[in-house]
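Novice: following is a predicted model, sequence given first.
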Amino acid sequence: MFNPSEVPDISKLFSFLSQPLESAVDLSKAQLKKITAALGGKVFDFLVGNLPESYETRFLVTKFSDFERGQIATFKAKVVSVKRGFGKIPSYLKVDLAGSLVTITFFGKLGMIYCNLYKEGDEVLISGEVSPKSFAINLVNPEMFKFDEGWKTLLSGYIPVYKNIVGVSHLFMLRTAKMLVNTLSQYSGEWLPDGLKKEFGFPDFVESLMNLHFPHLSANIDELNDFKTRWHKRIAFDQLFFFQFGSQFSAIGMRTDKRRRIKTESDLSVSVEKNMAFELTKAQKRVLGEIRGDLASIYPMNRLLQGDVGSGKTAVMVLASLDVIASGYKSVIMAPTEILAAQHFKTISSMVPENIKIELFLGGVTGKKKKAERLENAKKADFLIGTHALFENMEFMEDIGLIIIDEQHRFGVSQRMKLQSKSVHPDVLVVSATPIPRTLALTVYGSTEISVIDEMPPGRIPVTTRLVKAENRFKVFDFVTEIIKNQNKKGYWVCPLVEESENEEMKSEMKYVEGVYEEFSQVLGDKAALLHGRMKGDEKRVIIDRLKNGEINLLVSTIVVEVGVDVPDAVFMVIENAERFGLAQLHQLRGRVGRGKDKSFCALIAGSDISEKAFNRLDFLSKTENGFKIAEYDLKTRGPGALTGLEQSGFKNDAYFLLAVRHGELVEKARIFTKTILASGDEEYIKFCNKVFELFFAERFNRFRAS
Ligand code: ADP
Ligand code: MG
């Protein structure tokens with residue numbers, strides 16, 4: 001299919017890409033250290049992992065009369081005089097542009113630096129804003145450098161804008177990029193076969209990177225800024241392909257006989273299903289079937305189960321577990337917190353017959369004797385529910401057949417790998433309520449099989465959502481106070497408090513929440529309470545309990561109610577300045593109501609200065625209850641950073657990862673390509689791909705999977 005040894009330069013390209021950044025460019029080591037700390041140490045991490053976030057056009061000024069006040073001007077000039085400043089007195093450089101004098105003013109230290117760098121007669125390239133107010137043409141603190149050949153590109157192409165790294169100037173990033181791209185341009189070589197590139201219209205690897213860092217002015221600037229060029233697609237495909245390759249290739253290694261034969265649809269599980277208070281939904285049945293297929297297979301299961309909150313994942317988990325137990329093996333469910341583990345234990349105990357031995361296994365046990373006791377009990381149990389404390393003890397329990405990990409993102413892949421490498425090869429089911437769209441899940445999990453419960457149990461009363469304009473806030477206010485006073489209803493009023501906001505902003509937002517609280521307490525007295533993130537855990541719990549048991553009816557709150565608040569008879573959720581939240585986050589907030597028998601409402605109050613785009617997003621949310629569709633929409637309109645659940649996982653700021661996710665439409669292609677290669681028996685190429693994977697992708701791949 002493709003023989004890398006026929007490409008003479010590929011080894012040079014490889015060693016360049018894997019070279020430490022600090023040895024590849026001849027610039028300040030201190031600054032480079034900061035870059036590598038932020039991006040990773042290899043040239044690859046800079047060139048591929050750090051694609052520009054946007055591009056700027058600089059207006060090229062060739063004669064004095066082209067200058068306009070306020071414009072970002074870029075021009076070549078000759079230094080005429082240098083007048084060094086001191087303290088508060090600025091430095092002035094006069095430069096000559098085609099016979100006319102232009103004044104450049106530098107304030108403070110910067111002036112000293114530039115006055116040392118340049119002298120009369122030097123040719124320089126200057127780029128900066130022409131002072132809007134000054135009478136004469138004057139530029140203050142512009143970017144300025146010696147006009148050597150290398151910087152000519154700055155005049156003929158777009159200027160890349162890189163992610164801001166604290167302590168590294170943008171000019172320094174530009175210089176680094178320029179040097180690297182200059183070296184890169186001498187190499188060729190490629191890991192994708194010509195046939196594939198032709199089929200998808202992908203350009204070469206080197207060509208793509210050169211164009212992405214320093215695109216020519218003839219490139220389509222809108223496509224560039226939207227990450228939509230063919231170069232973007234090509235580079236995105238690389239990651240999608242190698243992630244798939246990495247997981248499928250390693251999965252082949254894991255395809256050992258698990259030496260355990262499970263009879264599915266066992267009498268035990270079938271009778272428990274019959275005795276349930278409800279019939280499984282079609283989606284639950286389908287998903288259970290998929291899991292049973294894996295259980296019955298001779299290979300260990302590695303599956304991701306996804307379903308919106310309330311979609312009924314527990315029933316599926318229990319029925320699958322019972323099949324395993326009926327065949328004589330242990331089933332284990334691991335929850336991220338003790339509270340959730342205890343909750344599961346309670347629910348599940350009430351679902352399974354009494355002759356099934358079910359145990360709760362938590363951490364925090366001290367003393368040898370107590371620990372031994374805990375382990376003995378666990379060894380005897382059929383069904384174990386616990387926290388990650390279980391991980392440390394699993395090797396002593398060789399009859400484990402199935403491990404279910406609820407709420408996947410808190411468990412690391414290294415822990416999972418640890419399980420796989422033991423002599424036991426348990427079936428593993430990872431369960432998640434975070435609505436990650438399929439394409440995103442595939443990007444992150446590679447070839448892991450995915451089952452989705454995409455249907456809610458019947459009989460749930462949908463939450464009515466209304467989008468309200470800022471000027472109608474008073475109507476919502478009146479409605480809420482009315483149903484509290486006359487019908488004793490309960491609910492939430494949420495005001496945004498941006499986590500990372502500046503102190504001043506934070507203060508004013510706290511004032512805002514407090515103001516809203518005042519507003520309500522004037523009408524409702526002590527039926528309203530204030531809840532915010534700065535309160536202690538105990539304080540918060542006390543207030544939530546007061547809402548639960550009816551002492552109060554209204555929580556005026558910041559975002560803290562998003563997770564873990566369960567008040568079944570709360571019927572309204574009002575969110576002010578809703579456009580400041582991500583849709584997935586709003587969906588989670590809305591999920592706080594509609595949990596009981598009564599009709600529930602959600603009002604999204606738009607800010608007064610809301611953009612049309614933001615308004616449309618909220619409008620979409622008000623018409624959709626499906627968490628996956630909402631996540632998909634969020635992903636399309638705001639990019640992956642907007643998805644809740646990703647924040648914790650460290651994806652949020654990885655430009656390369658975000659690029660791959662933006663091109664989710666290529667996931668399926670990457671999958672097919674991977675399968676074709678692995679099935680082709682072309683060992684040379686497979687080995688070669690594995691080398692590329694190990695060199696450039698493995699670290700990043702493991703980092704994501706571990707989160
Ligand atoms: P989650 O997917 O969030 O873990 P749960 O498994 O806790 O959801 O289920 C939410 C609620 O829905 C539970 O009270 C459960 O008993 C109920 N439930 C689950 N499946 C069905 C069904 N097929 N029909 C009716 N109710 C169901
Ligand atoms: Mg659950």
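Specialist: Looks like it arrived, so ask away. Ligands and ions are numbered 1, 2, ... in the order given.
Novice: contact residues of the stretch 201-350 of the chain facing ligand 1?
Specialist: Neighbours of ligand 1 within the stretch 201-350 of the chain, by CB under 6 Å from any ligand atom: Phe278, Leu280, Thr281, Gln284, Gly307, Val309, Gly310, Ser311, Gly312, Lys313, Thr314, Ala315. (Glycine included, C-beta is placed from N, CA and C.)
Novice: cool, the chain as well?
Specialist: Checking the chain against ligand 1 by CB under 6 Å from any ligand atom, the hits are 278, 280-281, 284, 307, 309-315, 433, 457.
Novice: these: which two are farthest apart?
Specialist: Phe278 and Ala433 (19.4 Å; CB to CB).
Novice: ok, those two, which is more surrounded?
Specialist: Taking neighbours as other CB atoms under 10 Å, Phe278 and Ala433 compare with Ala433 leading, 21 against 11.
Novice: tell me the contacts of that one?
Specialist: With contacts defined as CB atoms under 8 Å, 6 or more residues apart in numbering, the neighbours of Ala433 are Gln306, Gly307, Asp308, Val309, Lys313, Glu407.
Novice: could those residues be laid out in CSV, adding distance to Leu589 and secondary structure?
Specialist: Output for those, formatted as CSV (distance: CB to CB, whole Å; DSSP: H, G, I helix; E, B strand; the rest coil):
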residue, distance to Leu589, secondary structure
Gln306, 20, strand
Gly307, 19, strand
Asp308, 14, coil
Val309, 12, coil
Lys313, 21, helix
Glu407, 18, coil
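Novice: returning to what we had before: which one of the residues of the chain next to ligand 1 has the most neighbours?
Specialist: Using other CB under 10 Å as the neighbour criterion, Gly307 leads those with 25 neighbours.
Novice: ok now stretch 300-308, how far from the chain's centre?
Specialist: Remark: stretch 300-308 is offset 19 Å from the chain centroid, using CA atoms, centre = their mean, to the nearest Å.
Novice: pLDDT averaged over it - what is it?
Specialist: Taken as a whole, stretch 300-308 carries a mean pLDDT of 86.
Novice: C-alpha coordinates for that stretch, CSV please?
Specialist: The C-alpha trace of stretch 300-308 is given here as CSV (Å, rounded to 0.1, in the frame of the first residue of the first chain):
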residue,chain,number,x,y,z
PRO,A,300,-13.2,-9.0,27.3
MET,A,301,-15.8,-6.3,26.9
ASN,A,302,-14.6,-2.7,26.6
ARG,A,303,-17.8,-0.6,26.2
LEU,A,304,-19.0,2.9,27.0
LEU,A,305,-22.6,3.2,28.0
GLN,A,306,-24.1,6.7,27.7
GLY,A,307,-27.5,8.0,28.7
ASP,A,308,-28.9,11.3,29.7
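Novice: pipe the residues of the chain next to ligand 1 into JSON lines and attach secondary structure per row.
Specialist: Formatted as JSON lines, those follow (DSSP: H, G, I helix; E, B strand; the rest coil):
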{"residue": "Phe278", "secondary structure": "coil"}
{"residue": "Leu280", "secondary structure": "coil"}
{"residue": "Thr281", "secondary structure": "coil"}
{"residue": "Gln284", "secondary structure": "helix"}
{"residue": "Gly307", "secondary structure": "strand"}
{"residue": "Val309", "secondary structure": "coil"}
{"residue": "Gly310", "secondary structure": "coil"}
{"residue": "Ser311", "secondary structure": "coil"}
{"residue": "Gly312", "secondary structure": "coil"}
{"residue": "Lys313", "secondary structure": "helix"}
{"residue": "Thr314", "secondary structure": "helix"}
{"residue": "Ala315", "secondary structure": "helix"}
{"residue": "Ala433", "secondary structure": "coil"}
{"residue": "Pro457", "secondary structure": "coil"}
